[in-house]
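Enquirer: Here is my input; please provide its structure:
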Amino acid sequence: MTSLTVGVAIITYNGLKYLTEQLDSILAQTRPVSHIVVSDDRSTDGTWEFLQAWSEQVKARVRVTLIRNETQLGLIANAEQAFSRVEADIVFTADQDDVWHTDKVALLAAVFEQRPEVMLVHSDAVLVDDQGRDLGKTLLAELALSPGERSAIRGGDAFLVYCRRNVVTGATAAFRRSLLDHARPLPHDFYHDAWLAFIAAAIGKVHLVEQPTIDYRQHGANLVGVRKRSAFTRMRHLWWKIGGPHPLQQDTDHDVSWRSALHTRIVGHPAVPPRYKTLAGEALDYARSRSAPPRNPVRRTAAVMRRALGGGYARFSYEPLADAVRDVLNK
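Expert: Okay, here's the model as predicted:
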């Protein structure tokens with residue numbers, strides 16, 4: 001079994017409050033990492049000064065590369081920059097405010113070494129509050145990852161799951177650095193973890209470790225977090241989808257944008273199975289049809305019925321009933 005080198009990409013922006021815990025947990029891994037890249041997006045809270053001092057303290061233990069952007073790049077561009085600077089076979093992605101379990105690197109790296117076809121691995125996580133207290137929930141439970149979705153991912157068909165929704169959280173993930181050759185440039189209007197997972201599932205395999213490997217902090221400053229989806233929350237979400245104050249057109253336009261980017265990226269790729277290329281094209285057609293509904297309510301209802309009977313909502317929507325009702329009532 002080939003031993004692979006492991007590196008970590010961390011993106012920071014005003015994350016001083018929790019950064020020490022995250023960095024300490026990375027250095028405490030049972031399988032050490034060889035390179036840590038931290039890309040700071042013009043923090044103003046002392047994060048950069050802390051990182052400079054920290055890197056001096058740990059330079060005898062691990063190689064550290066610090067980057068400070070001259071101008072703010074934003075989440076996606078900053079992440080892409082950090083990923084590209086990691087010099088290792090496997091790139092682990094890290095938020096600035098979580099805590100890794102000590103066996104995270106060992107568990108995920110072993111998958112890559114045992115299964116050369118796997119391009120990306122992600123895991124479950126324990127949800128904690130801003131003080132690090134266990135909320136009694138795990139990430140996959142809150143995402144309501146179904147037995148069918150778990151089976152598809154285990155069976156090598158994660159691409160089918162991702163066509164409906166993203167279930168990969170970057171803070172729990174690692175990927176082969178070679179994946180960047182296929183995934184870059186990253187679309188700047190689509191989360192980088194979802195994009196990397198899509199490309200990995202298209203050209204290779206994705207593996208899910210159902211054991212939590214991090215404490216995933218939930219607090220008001222999260223750029224991306226997990227929110228409890230109670231029955232009341234789901235009903236409220238359905239309400240805004242069919243008649244609430246949220247801009248519906250923006251939602252469908254974004255769906256067209258990222259599906260178009262995905263289809264363009266994989267349609268000519270020799271490593272992508274033809275059925276995935278076909279599926280990506282059908283998903284794009286589905287999104288386009290929803291973004292330009294007929295104004296006439298009878299024709300609009302008929303279009304929704306055709307999509308429903310053709311399986312479009314079932315294959316490409318995480319909330320098929322809500323989206324169908326919304327499309328009927330959309331004006």
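Enquirer: Tell me the spacing between A183 and D97.
Expert: Counting by Cβ to Cβ, to the nearest Å, the gap from A183 to D97 is 25 Å. C-betas here are computed from N, CA, C, even on glycine.
Enquirer: likewise R42?
Expert: From R42 to D97 the distance is 18 Å (Cβ to Cβ).
Enquirer: Between those two, tell me which one has more neighbours.
Expert: D97 (24 against 16; other Cβ atoms under 10 Å).
Enquirer: SS state for the more buried one?
Expert: coil (DSSP: H, G, I helix; E, B strand; the rest coil).
Enquirer: Spatially nearest residue to it (excluding sequence neighbours)?
Expert: When the adjacent residues along the chain are set aside, D97 lies closest to Y18, with 3.7 Å between them (Cβ to Cβ, 6 or more residues apart in numbering).
Enquirer: just to confirm, which helix or strand has the one you found in it?
Expert: helix 16-27 (DSSP states H and E).
Enquirer: What are the contacting residues of the helix or strand following that helix?
Expert: Following helix 16-27 in sequence order, the next helix or strand is strand 35-40 (DSSP H and E). With contacts defined as Cβ atoms under 8 Å, 6 or more residues apart in numbering, strand 35-40 is touched by 5, 7-13, 26, 47-48, 51, 55, 62-69, 78-79, 81-82, 85-88.
Enquirer: And whatever helix or strand V121 lives in, what does it pack against?
Expert: V121 belongs to strand 118-128 when elements are defined using DSSP H and E. Using 3 or more Cβ pairs under 8 Å, 6 or more residues apart in numbering; DSSP states H and E as the contact criterion, the elements in contact with strand 118-128 are helix 104-114, strand 134-138, helix 139-142, strand 174-176, helix 192-203, strand 205-217.
Enquirer: Give me the angle between that strand and strand 205-217.
Expert: Here strand 118-128 runs at an angle of 20 degrees relative to strand 205-217 (axes from the mean of the first three to the mean of the last three Cα atoms, to 10 degrees).
Enquirer: quick one on the thing from earlier: filter the contacts of strand 35-40 down to just the ones in strands.
Expert: In this view, those that belong to strands under DSSP state E are 7-12, 63-68.
Enquirer: the inter-axis angle of the strand holding V121 versus strand 134-138?
Expert: For strand 118-128 against strand 134-138, the angle between stretch directions is 140 degrees (the same axes, to 10 degrees).
Enquirer: Return the alpha-carbon coordinates of strand 118-128 using CSV.
Expert: Extracted C-alpha coordinates of strand 118-128, given in CSV (Å, rounded to 0.1, in the frame of the first residue of the first chain):
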residue,chain,number,x,y,z
VAL,A,118,-11.5,7.4,-4.7
MET,A,119,-11.0,11.1,-5.4
LEU,A,120,-12.7,12.6,-2.4
VAL,A,121,-13.6,11.5,1.1
HIS,A,122,-16.0,13.1,3.5
SER,A,123,-17.4,12.2,6.9
ASP,A,124,-20.0,12.9,9.5
ALA,A,125,-19.5,15.6,12.2
VAL,A,126,-20.6,16.3,15.7
LEU,A,127,-22.6,19.6,15.9
VAL,A,128,-21.4,21.9,18.7
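Enquirer: Quickly run through the sheet partners of that strand, with directions.
Expert: strand 134-138 (antiparallel), strand 174-176 (antiparallel), strand 205-217 (parallel) (DSSP bridges).
Enquirer: And the pLDDT for C163?
Expert: Taken from the predicted model, the pLDDT recorded for C163 is 95.
Enquirer: Wait, L51 touches Y13, no?
Expert: No - between L51 and Y13 there is no contact under Cβ atoms under 8 Å: 11.9 Å.
Enquirer: Taking the centroid of this protein, which residue is nearest it?
Expert: With distances taken as Cα atoms, centre = their mean, the chain has D193 as the residue nearest its mean C-alpha position (2.8 Å).
Enquirer: What distance do you get for the closest residue to that residue other than its chain neighbours to H269?
Expert: Once its chain neighbours are removed from consideration, D193 has its nearest residue in G170; the separation is 3.3 Å (Cβ to Cβ, 6+ apart). With the distance defined as Cβ to Cβ, G170 ends up 22 Å from H269.
Enquirer: out of these two, which sits in the more crowded spot?
Expert: For G170 and H269, the more surrounded residue by other Cβ under 10 Å is G170, and the numbers stand at 22 against 14.
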